[in-house]
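Asker: I would like the atomic coordinates for the input below:
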Amino acid sequence: MKDLIPKESLINKILLIRSRKVMLDSDLAELYGVETKILNRAVRRNIERFPSDFMFQLNKEEYENLRFQFGTSSWGGRRYPPFAFTEQGIAMLSSVLHSERAIKVNITIVRAFVKLRELLKTNEELNRKLEKIEKKYDKQFKIVFQVLQQLMEKPAKKSKEIGFKKAVKALNEKMENK
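Answerer: Next comes the predicted model:
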């Protein structure tokens, strides 16, 4: 079965809010082909299916940050903070939105979350490998970096006092000691 929406474009709609990967109600409504108020009405009628780990409403500060981040106007548009749905909440949406499109879109969204998890896992593995390489070669390159650092430092100028100046300085010191 071919996905309705490319996973790559879905991944861009997944946001990190309160340390959770979520999608906003307006983005989901657009994907499902319904108005945001219709989606939210269906959710409110079945609110017992959406505990706080499935869905939460953004607070005023989070909402303002999003509006600032995306450059939306404060004039017009929605008057209340959006709902954010976690992966589990999105899966639950198919049970309250009774349409074939909702089911297909949910399948695509869940696959996008899985893809995102795989990408993050790959990134973590890459970071671990880099750290291992750094630790392994750190001792060998530490000496090289120390030598380079010494070469980059400007040598301190040592002024040698010779001749007449040295004699005058010595004479002044003798007079001060008396």
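Asker: Output stretch 39-47 in CSV, but only the C-alpha positions, please.
Answerer: What follows is stretch 39-47, C-alpha atoms only, in CSV (Å, rounded to 0.1, in the frame of the first residue of the first chain):
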residue,chain,number,x,y,z
LEU,A,39,-10.8,17.0,14.9
ASN,A,40,-10.8,18.7,18.4
ARG,A,41,-14.6,18.2,18.7
ALA,A,42,-14.2,14.4,18.1
VAL,A,43,-11.3,14.3,20.6
ARG,A,44,-13.4,16.2,23.3
ARG,A,45,-16.3,13.8,22.8
ASN,A,46,-13.9,10.9,23.5
ILE,A,47,-11.6,12.6,26.0
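Asker: So which residues make contact with it?
Answerer: Contact with stretch 39-47 is made by 25, 28-29, 32, 50, 55, 83, 93, 95-97, as judged by Cβ atoms under 8 Å, 6 or more residues apart in numbering. C-beta coordinates here come from the backbone N, C-alpha and C atoms, glycine included.
Asker: where do the strands sit along the protein?
Answerer: 15-17, 20-24, 55-57, 83-85 (DSSP state E).
Asker: Need the winner for burial among those.
Answerer: Comparing the strands of the chain by mean neighbour count (mean count of other Cβ atoms under 10 Å), strand 83-85 ranks first with a mean of 23.
Asker: gap between the two ends of stretch 54-67?
Answerer: 23 Å (Cα to Cα, to the nearest Å).
Asker: Buried residues of that stretch, list them for me.
Answerer: The neighbour-count criterion (16 or more other Cβ atoms under 10 Å) identifies 54-56, 58, 62, 66 as the buried residues of stretch 54-67.
Asker: and if you look at stretch 47-56?
Answerer: Counting neighbours by 16+ other Cβ under 10 Å, one finds that the buried residues in stretch 47-56 are 50, 54-56.
Asker: Just give me the neighbour total for R45.
Answerer: 10 (other Cβ atoms under 10 Å).
Asker: On the pLDDT front, check it for me.
Answerer: Looking at R45, its pLDDT reads 93.
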